[in-house]
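Participant: no sequence on this one, just coordinates:
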């Protein structure tokens, strides 16, 4: 039987590789799509049309009120049971993106509403329409406010991708499960997986802090 310390070290390679080639890309793609959804839903949420804002509120309520694992299973197993079978990767991306969209929408909405109303009025005064005002005036200011919570959402998403292993996505955690099952050294292997997750999230936290400092300097200037 392999020495536990040697197993720990030998497991780090394949687990880290899966983290870099599967877990991080899965999180990046899902976050990018989820952010697009979040912006759209946030704009619907602040719409003056009741049915539009109502649909947005319903979507946010469903996403925030149900566990991620249930959403994942509905997409992969639920849709498959009614003839809409999707492969594991697309299923994971759809479920994770919808989840990010639900949580991110409230962040984006709050950031947009934090911009003083005078900014809207000033933009309208110089002849800008609503779309131009949003893209040229409101969104740049809202972005500075939304960076910290959205960064936290992304870091949480990296950890949540571990649930994708339940629908056969060979991510970081799935590779750890395979090694643990083969060696029966569950503690050692899962500690190796935890270390890789921690390092990835630590790097992302440093990147978040650097981005926030850069934005603070830009605002100060």
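Facilitator: Thanks, I have it. What you see is a predicted model; the values in this text were computed from it and never measured. Residues are numbered from 1 along each chain as shown.
Participant: How much space separates residue 70 from residue 77?
Facilitator: Residue 70 sits 10 Å away from residue 77, going by Cβ to Cβ, to the nearest Å. In this view, the C-beta of every residue, glycine as well, is placed from N, C-alpha and C.
Participant: same thing with residue 165?
Facilitator: 15 Å.
Participant: Also residue 140?
Facilitator: Relative to residue 77, residue 140 is positioned 42 Å away (Cβ to Cβ).
Participant: Which stretches in the chain count as helices?
Facilitator: In the chain, the segments counted as helices under DSSP state H are 4-18, 24-45, 50-65, 68-73, 79-81, 88-114, 117-125, 130-133, 139-160, 172-183, 186-220.
Participant: on that earlier part again, between residue 165 and residue 77, point out the one with more neighbours.
Facilitator: A count of neighbours by other Cβ atoms under 10 Å puts residue 165 above the other of residue 165 and residue 77, at 22 against 13.
Participant: okay but that one is in contact with residue 178, surely?
Facilitator: No - contact criterion Cβ atoms under 8 Å: residue 165 and residue 178 do not qualify, at 9.6 Å.
Participant: Show me the shaky parts of the protein.
Facilitator: Scanning the chain for pLDDT under 70 picks out 1-2, 216-221.
Participant: which ones are touching residue 72?
Facilitator: With contact set as Cβ atoms under 8 Å, 6 or more residues apart in numbering, residue 72 has these partners: 91-92, 95-96, 163-164, 166-167.
Participant: By neighbours, which of these wins?
Facilitator: Sorting these by how many neighbours each has (other Cβ under 10 Å) puts residue 164 first, at 29 neighbours.
Participant: That one: what's its closest spatial neighbour, skipping adjacent residues?
Facilitator: Nearest non-adjacent residue to residue 164, counting by Cβ to Cβ, 6 or more residues apart in numbering: residue 92, 4.1 Å away.
Participant: And residue 209, how far from residue 143?
Facilitator: 17 Å.
Participant: Repeat that for residue 86.
Facilitator: Taking Cβ to Cβ, one finds residue 86 at 32 Å from residue 143.
Participant: Next, count neighbours for residue 82.
Facilitator: For residue 82, the count of nearby residues is 7 (other Cβ under 10 Å).
Participant: With the one 3 residues further on instead?
Facilitator: The number of residues packed around residue 85, counting by other Cβ under 10 Å, is 11.
Participant: and the spatially closest residue to it that is not a sequence neighbour, what is it in contact with?
Facilitator: Nearest non-adjacent residue to residue 85, counting by Cβ to Cβ, 6+ apart: residue 79, 7.0 Å away. Applying Cβ under 8 Å, 6+ apart, we find residue 79 in contact with 85-86, 91.
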